[in-house]
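Asks: Here is my input; please provide its structure:
(chains A and B)
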Amino acid sequence: EAGVAQSPRYKIIEKRQSVAFWCNPISGHATLYWYQQILGQGPKLLIQFQNNGVVDDSQLPKDRFSAERLKGVDSTLKIQPAKLEDSAVYLCASSGNRGGNTIYFGEGSWLTVV
Amino acid sequence: AQRVTQPEKLLSVFKGAPVELKCNYSYSGSPELFWYVQYSRQRLQLLLRHISRESIKGFTADLNKGETSFHLKKPFAQEEDSAMYYCALLSGGSYIPTFGRGTSLIVHP
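Replies: Okay, here's the model as predicted:
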């Protein structure tokens, strides 16, 4: 079974530039999550999708972050404009049912903003 | 709001010693709790969940609702247990997952 795929793995951008991350969840998984993990901290949920609908985006900084999952499969997370404090690993994860199944994580996309 | 607290950032033990990684949570409803592990250069993965009541790689964790804790234990640590361990709580009707900040376990030979 293929795991959660993310790209790019690494990205370095200057502040005020934009960046986009892509995620392809495990086939058949209805729930998709984007987490931000800053060095030394635990993963912080940015947004949770159930199919193509948003379940929770209360911690997503909506003035600069946006995410979509238009067809209920893969998803993109965009940051525009980036700030220095956005430097983090962006983890995508998916699960089969809301809370019922294990959450499977991708390898993460490492963002450095300089 | 739900919260997961892992008080130890780092836990260092010798091989063969018992290990206990602490996790406390705050949540008004009925929680589902998990332990996730991240080995060096690998992705975050599930170690165990409280509803399964199973032992994985020698690790066990018991949900104590009175103390709102879900500590992870292993009687004899092995070098290959060295990793980052995250406690996670699934809460609410929408099953929104919340993670603790993680504890780095180092097992010395």
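Asks: need the strands for chain A, in chain order.
Replies: Taking DSSP state E as the criterion, chain A carries its strands at A:5-7, A:10-13, A:19-24, A:31-37, A:44-50, A:53-56, A:65-68, A:75-79, A:88-95, A:104-105, A:109-113.
Asks: mind checking which helix or strand of chain B has the lowest mean pLDDT?
Replies: strand B:96-99 (a mean of 87; mean pLDDT, DSSP states H and E).
Asks: ok, that strand: who's next to it in the sheet?
Replies: strand B:83-91 (antiparallel) (DSSP bridges).
Asks: sorry, back to before: next, format the strands of chain A as a markdown table and append distance to chain B and mean pLDDT.
Replies: In this view, the C-beta of every residue, glycine as well, is placed from N, C-alpha and C. Converted to a markdown table, the strands of chain A look like this (distance: least, Cβ to the nearest Cβ, whole Å; pLDDT from 0 to 100):
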| stretch | distance to chain B | mean pLDDT |
| --- | --- | --- |
| strand A:5-7 | 10 | 97 |
| strand A:10-13 | 14 | 98 |
| strand A:19-24 | 13 | 97 |
| strand A:31-37 | 7 | 95 |
| strand A:44-50 | 6 | 94 |
| strand A:53-56 | 5 | 92 |
| strand A:65-68 | 15 | 97 |
| strand A:75-79 | 16 | 98 |
| strand A:88-95 | 7 | 96 |
| strand A:104-105 | 4 | 94 |
| strand A:109-113 | 12 | 97 |
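Asks: any idea how far A:A30 is from the residue of chain B at minimum distance from chain A?
Replies: Nearest residue of chain B to chain A: B:Y95, at 2.8 Å (Cβ to the nearest Cβ). Noted for B:Y95: a distance of 12 Å to A:A30, by Cβ to Cβ, to the nearest Å.
Asks: will you turn the strands of chain A into CSV that also has distance to B:N64 and mean neighbour count?
Replies: CSV is the format used below for these (distance: least, Cβ to Cβ, whole Å; neighbours: other Cβ atoms under 10 Å in any protein chain shown):
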stretch, distance to B:N64, mean neighbour count
strand A:5-7, 36, 18
strand A:10-13, 41, 14
strand A:19-24, 36, 19
strand A:31-37, 27, 24
strand A:44-50, 25, 21
strand A:53-56, 27, 15
strand A:65-68, 36, 18
strand A:75-79, 37, 20
strand A:88-95, 26, 24
strand A:104-105, 27, 22
strand A:109-113, 37, 18
